[in-house]
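S.K.: return atomic coordinates for the entry below.
(chains A and B)
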Amino acid sequence: MKILKNLLSKHTKALIVVPILISLAVGTGIFKITIKDDVVAMLPKDLPERLVLQELEANFGASEFINVTIGKKGSSVFNYTTLSKLARITEKLEEVPFISRVRSLSNASETVGNEFGLDVYPLMEEVPRTPAELKKLENSVFNNSELVGSLISEDKQYLAIYIFLSLERVDSSVAYNTVKNIAYKEIGPERIYISGVPVIAGIIGKAIRNDLVILIPLVILVLVFILYVGLRNKRGVLLVLIIILLSVLPVIGLMGYLKMPFMVVNSAMPIILLALSCAYSIHIIMKFYSAFNHKKTKTETVHNTMDELFLPITATSLTTIVGFLSLATSPLPILFEFGLLVSAGILWAWVLSITTLPALLIVLPLPKIAGQGIMDEKGFFSKVARGFSRLTVKYKIPVIIFYIIITAVFIFGLTRLRIESRIDRFFSKSSPIRISDRISGEHFGGSANLSIIIEGDINNPAILNDILDLQEYLKTIEGIGSTTSIADVICLLNKALHNNNPEFRKIPDTPEGVSQLILLYSMSGDPEDFAMLINSDSTLTHMNIRMASMYSIDVKRILNKINNYIPKNFSSDIKYRITGSSILTMQLSEMTAISSIKSILISITAVFIICLFLYRSIAFGLLNIIPLSITMIIIFGFMGFAKIDFSIEIAIICSIIIGVGIDYALHYTSKYCLLANKMTQEETAIAVINETGPPILSNATSIALGFLILPLSLIIPIKSLGLLVSISMLMAAIVTLTVLSSILIIVKPKVRHKTLIFEKEKEA
Amino acid sequence: MQIKKVLPIGAAFLILLASVLAAKPASEKTGKKAKPKTLTANEIMRNLESRKEPDDMISEMTMTLICKKGKKRVRKVLTARKGSKKTIMWFLSPADVKGASFLSMEQKGKNNMWIYLPALKKESSITSHGKGKKGYFMGSNFTYEDLEGRKYEDYSYKLLGNEMIGDRNCYVVESTPKPTLKKPSYSKIVSWIWKNHPIPLKEEYYNRMGEFQKVQTISKLKKIKSYWIPEEISMETVKLNNKRKTEITFTDIQVDRGIEESVFSKRSLRRIFNRNRLYKKKQTTAKQEKEKKQ
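M.R.: Sure thing, here's the model as predicted:
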C-alpha cells in the first residue's frame, strides 16, 4: 500500500504513460486476429477421435462435404433446364482451386457389364433435351441403385451435389460464399439448399465476425449509458471507458500474437471482460468524487480512496480471477485458453484501476460535481434495497423455506438438463441452414457423417462379407441413412464383369479374386472414388455412414451398438476405429460436462478457502458460497426446464456466476461483520442491506444490461449466454440480499475476526 | 472430348513410355563436351515434345509405393509397346495379381482395352467414355495427366535460368497453364531440362492453390542404342499431411526389336510371354548382327 501511494505521488505520469503504452503495444496484435469456426479445433489435439479423423483425412481425403440440393417440390428434375443448371453448377465448382472434388449426376460415370465386356461411360455426356433422351437418362439412373438416394432423391424431385474441399483447410466462410455465389445464380423456379458441416462452420465464422464488429460497440454504448446514470458526469464516464478499453485491448492483442483464434465460445470474451472490469473503476471514481472536499489536495483524496478501496478491489478481482482460472483446469483447449485470457484481462484491469486511474484522477482537473456527494439515498436501488430489508426481516422463515422449495424444484430441473454440442443448434429452426439441412436429410439421408476405419487384410473375402453384414445391420438402426464401403464397389464390379448377372453381386471367393477386382477398379471407373475407400496396399479401408444430425445421446447409442456388433460378428482379425464430426461433437459435450463440474467444484472450494482466510470462520466461509450455489442451481435447473442445451459456451456462465456472485456475498458479509454485535440481528440485517444493497444491485444491473446486448447475436448459444448471464447476475444479487439476511438473523454466527476487507473503514 | 480414355492402363503406360521415358536419339557429340546453344523457353519445350521415340520397347517395370510411415508395396509388370497405339502388360508380382494382364489398342481414334483376371477366369473388354484424368494411376501419386505429358500449346513458358542437377547442366523452365486450358490440375510446373538432351530430370508441381505439392525426379538415365532412356523415376508428394512416394524402375529395357503384331491381341492376355518370344527372332538376329558389324 505504501509503495502504491509512493508511486502515485512521485511517479504519477509514469503510472499513466507506462501502462497505456503497454496496453497499446500488446493491443497491436488485434491486427493478427483470426477467426476459426470448426468444432474440431475446440478439442484437445491428442484426443483419440481427433487423431483418427486426421488418419482418415490423410488416407482418404476430406470426410466432410458441402451439400447443394437443387429441386422443386412437386416436379421431376428430369427436364432440360434443371439438368443444365446442375451441369453448369458442377462445371463451375470444378474450376474452383480449393475444391478437390465435385460429385453430381452431371459428372457421374457408370460401369455396366454387357455381353462384350465392361462399359464405363458418363451418365450425362450432354444434357439431354428430347423426351426420349430424358427418359433414357431417367432409366439408367434408376437402374443404378447406387445413385438413387445419393445423387438423386427417390421421388425424383431433388438433385444433390457433393463438394469436397481440399485437405489444406480453407476458410469455411470463403468456401461457403464461393459455393453460394455459384449455386444461387441458378435459383428459380428450382430452389437451392446448401448444407453440410463446412457451411455451418462458415456461417458461424461470419456470425462471429458480425458479433465482434457490431456487438462490442453496442455494449460500449450501453455501458456509457449506465455509467452516465451512475456517475452523472462526462469525465468520469470517459475515464472508466478509457480504463476498460485499455484492459480489453491487450487481451485481444495477446490472442493475435499467441495465434489463438476467435471461436464461438470465446467470441463473447471482450464483452464479458468489458462488463466485469468496469466495476473497479466505477467504485474508485465514485468514492473519489464523493470523498473530495476542498480542504484536501487531489493527491490526498486519491490516497484516502485507495486506502479504503485497495483491499476490496483486490479481493473481488482475486475471486473473479479464481472463477475464471478454474476453467484453465479444463482439458478442452478452448476453455483453458479462455480462462487464462479472461483472468489475464481482469488482472490487467486491476493493475490499471489501482495505478493509471488514480494517477489520472490526480493529474486531471476536477469536475464540478466532485465533493457534492453522489450517493443518492433516494435512488431507485436504495428503494429496492429497503424493500428487501423489510421483506427479509419480516418473513425470515418463509424466505428460507421459499428458497429451500425453489432449490429443490430446480434440482429436479437439473436432472433434465441436456448436455449437447451439436452445431446445428447454433441456429434457429427457421434459419436457411437448418431448412437446407432438413431437406437434405429427408431426401438424401442426412448431412452428418460417421466413418469406420477398418484395418486388416481387406482382400480377405471374409472381412468384406463381414463389412456387408455390418452395413445390413446398420440399416436396421434408426437414424442411419445410406452407407458406402469398398465391399459394395467390389460386388458391383463383380456383377458388371459377369455380364450384369445379379448372381455375381457378391464378394469373390478367393483373396486373389478380390485383389484382381481391386486392381481392375484402381484402373477403371473413377480412380478418385477408389482412393476414397481403400488405401493402396489394401490394409485400410473406410466405411462411410450418413445420418441425420442427431443429439449426442443418440450418437452414443449408435456408437455403442456398433462397438457391440463388430467384436462379436467379425470373424477375422481386424482393428477398427470410429470417427466423424458427430462423434467429435459428442466428445465435446461429454468433456464440457465433466470439465464444467470440475471447474465449479474447484472454484467453489477455492472461494471457500479464500473466505476462510478472510473471516477465520467456517460459518462465514459457507455463508459466502450459499448465494452463488443457489443461483447456479436455479439457472441450470431453469435451463433443464426450458430445454436450453448445456454446452461449452454455457460452461463460461459458471465462472461468471462464481467470480462475480461471490463479490456480492463478500460485500454483504464483510459489512455484516463490521456492524455485528452493535445492534440486534434484525437491525444489523437492515443496515447491511441498506448499505450494500444499492451498490450490489447497481453492479448487477449494469452487468445484466451489458449482457442483454448478446441476445442480438446471430448465434443462438451466444444469445442464451447473454440472457442467462443477465438473469444470473440479478438473481445472484437478489439471493445474496435476501437469503443471507434471513440466515444471519436466525443462525447468528459468531464473528471471530473483523474482516480484512473493510478494516480501514472501521478505523475511519 | 479431348481425351477419350481415362481408365486404360495400357494407354497410360504407352503414354508414360512414349513421352516421359523415350528420348531423342543421342547426337554424335554426346555428353558434356557438347556446348548447347542458348534456347528460348518455347524452343526448349518444343524440343521436349518433338523428341524422337523408339518404335517399340520391352521392359520390366517395378513400381514401389512408399507410404508416409515408410511401408513399401512393390508391383512388377512385364510390358511391351509398339508405336504409340499398342501396349500390353502382364503382372508378375505380387502373387495375388500374378497373371493379370491388360491390353490397350487405339483403333480408329477409339481406345479399346481388354483385361484378363485369372483368379476370376474372366476376360473382358472395357470401353471407357470418361472425361477425367486427374485420378491417380494404380494407387500411386502419379496422376494419369502426369503420365500423359502436357500438350505444348496448353502452356506458356518462362526460362527461369540454368542449374546443375548432379553433373548435368539444365534449363529451368516454368510452365503455367494458358487461360484456354480447362480445369488445369496445377497452377505451375517448374522443369529442369537437361541441356544435352530434352529430358526433364526434375519437375516440381504446384497445386491449384499455388502450393508446392510434389516433385518428380529422374535419377538414372541409360543410353540404349541411340536413345537416352530413364531407368528410375520417382514422384514424391511433399505436403506434410500426405507425404508419400512412388518409385518406378525399368530393367531389361529393349528398344526397336520389332515386336510382332500378333502380340497385341486378346489371345496374348492369358499367358505371360517369354520376352524372347515377343519379337521376330530372325529379324532381331539380323538386326543384332548388323549392330555387331557396326
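S.K.: which ones are touching the residue most central in space within chain A?
M.R.: Nearest residue to the geometric centre of chain A (CA atoms, centre = their mean): residue A:265, 3.6 Å. Contacts for residue A:265 were tallied using CB atoms under 8 Å, 6 or more residues apart in numbering or on different chains; they are A:42, A:334-335, A:338, A:648-649, A:652. For glycine as for every other residue, the C-beta is placed from the backbone atoms N, C-alpha and C.
S.K.: so where's the stretch 51-200 of chain B uncertain?
M.R.: Scanning the stretch 51-200 of chain B with the threshold set as pLDDT under 70 gives B:108-110, B:127-136, B:139.
S.K.: swap in 80 and give it another go.
M.R.: The model of the stretch 51-200 of chain B has pLDDT under 80 over residues B:67-70, B:83-85, B:106-113, B:125-140, B:143-149, B:182-183.
S.K.: those strands in it, which residues are they?
M.R.: B:56-66, B:72-82, B:86-93, B:101-107, B:110-117, B:122-128, B:155-165, B:168-177, B:186-194, B:200-207 (DSSP state E, counting those that start in this stretch).
S.K.: columns mean neighbour count on top of those, output as JSON lines?
M.R.: Below are these laid out as JSON lines (neighbours: other CB atoms under 10 Å in any protein chain shown):
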{"stretch": "strand B:56-66", "mean neighbour count": "20"}
{"stretch": "strand B:72-82", "mean neighbour count": "20"}
{"stretch": "strand B:86-93", "mean neighbour count": "22"}
{"stretch": "strand B:101-107", "mean neighbour count": "22"}
{"stretch": "strand B:110-117", "mean neighbour count": "22"}
{"stretch": "strand B:122-128", "mean neighbour count": "21"}
{"stretch": "strand B:155-165", "mean neighbour count": "14"}
{"stretch": "strand B:168-177", "mean neighbour count": "20"}
{"stretch": "strand B:186-194", "mean neighbour count": "21"}
{"stretch": "strand B:200-207", "mean neighbour count": "20"}
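S.K.: compare those and give me the one nearest residue A:424.
M.R.: For those, the distance to residue A:424 is smallest for strand B:200-207, at 31.8 Å, taking CB to CB.
S.K.: other SSEs contacting the closest one?
M.R.: For strand B:200-207, the elements it packs on are strand B:168-177, strand B:186-194, strand B:212-224, judged by 3 or more CB pairs under 8 Å, 6 or more residues apart in numbering or on different chains; DSSP states H and E.
S.K.: among those, which comes closest to chain A?
M.R.: Of all the helices and strands packed on strand B:200-207, strand B:186-194 sits nearest to chain A, with 7.5 Å by CB to the nearest CB.
S.K.: quick one: strands adjacent to that closest one?
M.R.: Strand B:186-194 pairs in its sheet with strand B:168-177 (antiparallel), strand B:200-207 (antiparallel), by DSSP bridges.
S.K.: with respect to residue B:62, which of those lies nearest?
M.R.: Among the strands paired with strand B:186-194, strand B:200-207 comes nearest to residue B:62, with 20.3 Å by CB to CB.
S.K.: distance between the closest one and the chain's centre?
M.R.: Averaging C-alpha positions (CA atoms, centre = their mean, to the nearest Å) puts strand B:200-207 15 Å from its chain's average.
S.K.: for it, give me every contacting residue.
M.R.: Outside strand B:200-207, the residues that reach it (CB under 8 Å, 6+ apart) are A:97, A:166, B:20, B:48, B:146, B:165, B:168, B:170, B:185-194, B:212-218.
S.K.: which parts of the lengthiest helix in chain A are buried?
M.R.: Counting by DSSP state H, the longest helix found in chain A is helix A:581-615. By neighbour count on 16 or more other CB atoms under 10 Å in any protein chain shown, the buried set for helix A:581-615 is A:581-589, A:591-593, A:595-596, A:599-600, A:602-604, A:606-608, A:610-611, A:614-615.
S.K.: what helix or strand is residue A:254 on?
M.R.: Assessed by DSSP states H and E, residue A:254 sits inside helix A:234-257.
S.K.: ok and whichever strand or helix holds residue A:305 relative to helix A:581-615, angle-wise?
M.R.: Element membership for residue A:305, per DSSP H and E: helix A:298-325. Angle, helix A:298-325 to helix A:581-615, by axes from the mean of the first three to the mean of the last three CA atoms, to 10 degrees: 140 degrees.
S.K.: tell me the mean pLDDT over helix A:298-325?
M.R.: The pLDDT scores in helix A:298-325 average 84.
S.K.: just to check, residue A:483 is in contact with residue A:542?
M.R.: No: assessed by CB atoms under 8 Å, residue A:483 is found out of contact with residue A:542, at 11.2 Å.
S.K.: which residues are in contact with residue A:621?
M.R.: A:608-609, A:611-612, A:615 are the contacts of residue A:621 under CB under 8 Å, 6+ apart.
S.K.: any idea how far it is from residue A:245?
M.R.: In this view, residue A:621 and residue A:245 are 36 Å apart by CB to CB, to the nearest Å.
S.K.: what of residue A:597?
M.R.: Using CB to CB, residue A:597 is found at 35 Å from residue A:245.
S.K.: what's the answer for residue A:445, then?
M.R.: Distance, residue A:445 to residue A:245, by CB to CB: 50 Å.
S.K.: when those two are compared, which one has more neighbours?
M.R.: residue A:445 (21 against 15; other CB atoms under 10 Å in any protein chain shown).
S.K.: let me know the helix or strand that the nearest residue to that one once chain neighbours are set aside is in.
M.R.: Leaving aside its chain neighbours, residue A:445 sits nearest to residue A:481 (2.2 Å; criterion: CB to CB, 6 or more residues apart in numbering or on different chains). Assigned by DSSP H and E, residue A:481 belongs to strand A:480-484.
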